[in-house]
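Asks: Please find the sequence and the predicted model below.
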Protein chains: 2
Amino acid sequence: MSYNAEIISVGTEILLGNIVNTDARDISEALSTLGINVYWHTVVGDNAQRLREAVEAAKLRADIIITTGGLGPTYDDLTKQTLAQCFNLPLVYHEEEAEKIKGYFSALGNSHMPENNLIQAWLPEGCTVLYNHNGTAPGCAFYAQGKHVLMLPGPPRELRVMLEREALPYLKRLSDELILSHDIRLFGIGESAAEEKLRAFMLSLNNPSLAPYAGTAEVRLRVTAKAKTSEEAERMMSPVIGKVKEVLGEYIYGIDVPSLEAAVLEKLLERGLTFSSAESCTGGLIAKRITDIPGASQVFKGAVVAYTNEVKHKVLGVSLETLDKYGAVSSQTALEMAEGVRRLTGSHIAVSTTGICGPSTDERNTPVGTAFIGLSAEGKAYFRQINMGSDRDRGRTIAAHHAFDMILKYLRNNSHT
Amino acid sequence: MSYNAEIISVGTEILLGNIVNTDARDISEALSTLGINVYWHTVVGDNAQRLREAVEAAKLRADIIITTGGLGPTYDDLTKQTLAQCFNLPLVYHEEEAEKIKGYFSALGNSHMPENNLIQAWLPEGCTVLYNHNGTAPGCAFYAQGKHVLMLPGPPRELRVMLEREALPYLKRLSDELILSHDIRLFGIGESAAEEKLRAFMLSLNNPSLAPYAGTAEVRLRVTAKAKTSEEAERMMSPVIGKVKEVLGEYIYGIDVPSLEAAVLEKLLERGLTFSSAESCTGGLIAKRITDIPGASQVFKGAVVAYTNEVKHKVLGVSLETLDKYGAVSSQTALEMAEGVRRLTGSHIAVSTTGICGPSTDERNTPVGTAFIGLSAEGKAYFRQINMGSDRDRGRTIAAHHAFDMILKYLRNNSHT
């Protein structure tokens, strides 16, 4: 049986245009991997009457109703009360949830918990509690009047984790078919170019299917199969993955790896190698991205963010002659920066970035977007010149992507380091 | 008279989670500046029946109906036909629009225009055509059955320009009220604690209104007023802002400032001061956040990300005795790190972070979440001990927040530096 779901987002801040409704996107994307169709998204404000109207409309057309938002402790959080009314269920005080909420505050070292937080422990009778890994408001799920209802929190960082760890496993149990997928991650080719090379193949597929998704300057190809068992699904996907490798192998940096930095971490761990970064235009983004991952300290020694020539020279040892002759944005400076931070931190490998993010250019009129990425290792040095474009955030992301990609390419080509 | 509007977005790609509905956000934000209330957002796929259902529901509750998407030339673009049916209007071929569409193609240097593009020249009888500055599909607006209806294109770059240059001027002519708001930004107090202190006051307000929004470890209070003129709106909001300052003044780091780092940038620029950071647990996040902002190079000299004791000692000059006696996660190490990076980069102020993000603890069994934030300036040194909690991302964000907050507090208390 194929279910259809409707997503109701509750939040005046969405209707005011203060935030964009990423929750509905995240849920839709996740449901599509389960083969659950989504025909409606609705957004209402923190208003019980309109929320009730939205729920009553959804009851007429959906099997699964998922709400986001309005689970918090303040007076305008009305979702649980309203959904409980719509489905004629009483709210019950969950002692265990109350304890978890109190525990959350004491773990943060806050001795005083505002009393209104305990409102969050009132949940519809008989519901399954969905644990909130990133906040105090628990979510919940219940089945009533022939509908599956899930209530999830609004803040995206709370929603995403609850969706993945609590809501999707709950929904998976409703279906007798399972859906598995693999993400093939590509760097160095655009979405439309990747699609062009595989279009006929993609169109010929149904189950398993193959679909491209664009990220920031990277591409994900998702292979998905529906089957009775995971073995069968894997067997169906295997030739599709083989074909993608055959056509786009040079661009693939990993399968089911969440990011370029995660691929770097994994490969360096395997080899017992460490790295460091010297960052000008990326301003610490390479360091930030690798240290976002638990365990980064095993492969990452540190970074120098050199936002002035003085720091490039004094801390990283870039020669004044190089800065003077070639400028800060040059392959020579990039290479000396990488070499300098490698020496300073004692890492095996080092990468560097130097470029013009804009809005203004440098004293040499280097075009905005120009950047050099350097890599230094024992007895080796490489650089790439890239164009970051004119969008600051995107440009910095691209430069950091290239630095990670250079480490991966270095490891691939130097297997005996 | 105050109008209320409903936004209906048409696009299967939104329901599949391939894209996030920024159009609805952009329109909502624009409407709120005109004092037009938005009570509903709805998303349906490229499906005439469900679009009709959404339009019929909107007719019952809104004065203004705005659609996005489905105006293009392909078979699944159904918006104009469906809306024309709902409002019982014939579609009429607009010769002038057809010429513009042909002109668009020849301007792009395409000699061959696919014939289906001329479908876009069929528009509801008597409508006002809204010119598309970034594409071929014209939008349109009409008044029928007591409702104002606007149809706008889906692609965000087409929508934004048409919204600003065509749709808003059209809507402005309908309204005689405007809405203004101010964001009061707080750090150091939770959303529920802030609300607790102001609940009675908030509930007593209607216009202007006051509402709290939670961010990651920070809180935003938004004051909003509806009035005939911006002077009147400002006059109405002023006492509300005064009351918030009276109750929560110590936590306010700025009004209408987008973030702590933006407040830091602004204050340092005013004083002509620079800063740098020495980062262990934040791993470059402070550097990344300040350099996210264009113009950061005027106040930010650089950073050292010291992910090992060796880097803390060799690069930042933290003494081996300090590391040995007090450990890397200690106030002493934090202070020496800040002092070290200030010296190294030649900045006026420096901040530092050292803490245990987890998952595992250090060799001294310092509890996960413990962190010290240091600040060094000429002749001054401060530190804070904080608890980052057990969530890695959130903990790092909190530690960076505190570092920025310490700079702001330092500047507030040292007005003659």
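Replies: All right, it came through fine. Computed from a prediction, not measured in an experiment: that's the story for all the values here.

Asks: What separation is there between the residue sitting nearest the centre point of chain A and chain B?
Replies: The residue lying closest to the centre of chain A (C-alpha atoms, centre = their mean) is A:P258, at 7.6 Å. According to C-beta to the nearest C-beta, to the nearest Å, A:P258 and chain B sit 14 Å apart. C-beta here means a position set from N, CA and C on the backbone, and glycine is covered the same way.

Asks: Tell me how far that residue lies from A:E266.
Replies: For A:P258, the distance to A:E266 (C-beta to C-beta, to the nearest Å) stands at 10 Å.

Asks: and if you look at A:F201?
Replies: Taken as C-beta to C-beta, the span from A:F201 to A:E266 is 29 Å.

Asks: Repeat that for A:G35.
Replies: A:G35 is 30 Å from A:E266, by C-beta to C-beta.

Asks: Return the distance of whichever strand or helix holds A:I386 from the chain's centre.
Replies: Secondary structure from DSSP states H and E places A:I386 in strand A:380-387. Relative to its parent chain, strand A:380-387 has a centroid offset of 27 Å by C-alpha atoms, centre = their mean, to the nearest Å.

Asks: That one packs against which elements?
Replies: Using 3 or more C-beta pairs under 8 Å, 6 or more residues apart in numbering or on different chains; DSSP states H and E, the elements in contact with strand A:380-387 are helix A:331-345, strand A:370-377, helix A:392-413.

Asks: List the strands paired with the lowest-mean-pLDDT helix or strand in chain A, with their directions.
Replies: Sorted by mean pLDDT, DSSP states H and E, the helices and strands of chain A end with strand A:209-214, the least confident at a mean of 82. If you go by DSSP bridges, strand A:209-214 pairs up with strand A:219-227 (antiparallel).

Asks: Would you mark the buried spots in the partner strand?
Replies: Buried positions in strand A:219-227, judged by neighbour count with 16 or more other C-beta atoms under 10 Å in any protein chain shown: A:V219, A:L221, A:R222, A:V223, A:T224, A:A225, A:K226, A:A227.

Asks: As JSON lines, those with distance to A:T12 and pLDDT would be great.
Replies: Formatted as JSON lines, these follow (distance: C-beta to C-beta, whole Å; pLDDT from 0 to 100):
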{"residue": "A:V219", "distance to A:T12": "36", "pLDDT": "90"}
{"residue": "A:L221", "distance to A:T12": "39", "pLDDT": "91"}
{"residue": "A:R222", "distance to A:T12": "35", "pLDDT": "88"}
{"residue": "A:V223", "distance to A:T12": "40", "pLDDT": "92"}
{"residue": "A:T224", "distance to A:T12": "36", "pLDDT": "87"}
{"residue": "A:A225", "distance to A:T12": "41", "pLDDT": "89"}
{"residue": "A:K226", "distance to A:T12": "39", "pLDDT": "84"}
{"residue": "A:A227", "distance to A:T12": "43", "pLDDT": "87"}
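
Asks: for the stretch 1-150 of chain A, what spans make up the helices?
Replies: Assigned helices in the stretch 1-150 of chain A, in chain order: A:12-15, A:22-33, A:48-61, A:79-86, A:95-107 (criterion: DSSP state H, counting those that start in this stretch).

Asks: model confidence over stretch A:341-355, on average?
Replies: Model confidence over stretch A:341-355, given as mean pLDDT, is 97.

Asks: Report the contact partners of A:L221.
Replies: A:D183, A:I184, A:L186, A:A194, A:L198, A:L210, A:A211, A:P212, A:Y213, A:V244, A:L248 (C-beta atoms under 8 Å, 6 or more residues apart in numbering or on different chains).

Asks: tilt between the host helix or strand of the last one and strand A:209-214?
Replies: With secondary structure defined by DSSP H and E, A:L248 is part of helix A:230-248. Orientation check (axes from the mean of the first three to the mean of the last three C-alpha atoms, to 10 degrees): helix A:230-248 against strand A:209-214 gives 60 degrees.

Asks: Of the helices and strands packed on strand A:380-387, which is nearest chain B?
Replies: The closest of the helices and strands packed on strand A:380-387 to chain B is helix A:331-345. By C-beta to the nearest C-beta, the value is 5.3 Å.

Asks: Any part of the closest one near chain B?
Replies: Yes. Applying C-beta under 8 Å from any C-beta of the partner chain, one finds that helix A:331-345 is in contact with chain B at A:L344, A:T345.

Asks: Please identify the buried residues of that helix?
Replies: For helix A:331-345, by 16+ other C-beta under 10 Å, it's A:331-342, A:344-345.

Asks: try stretch A:34-53
Replies: By neighbour count with 16+ other C-beta under 10 Å, stretch A:34-53 contains the buried residues A:34, A:36-48, A:50-53.
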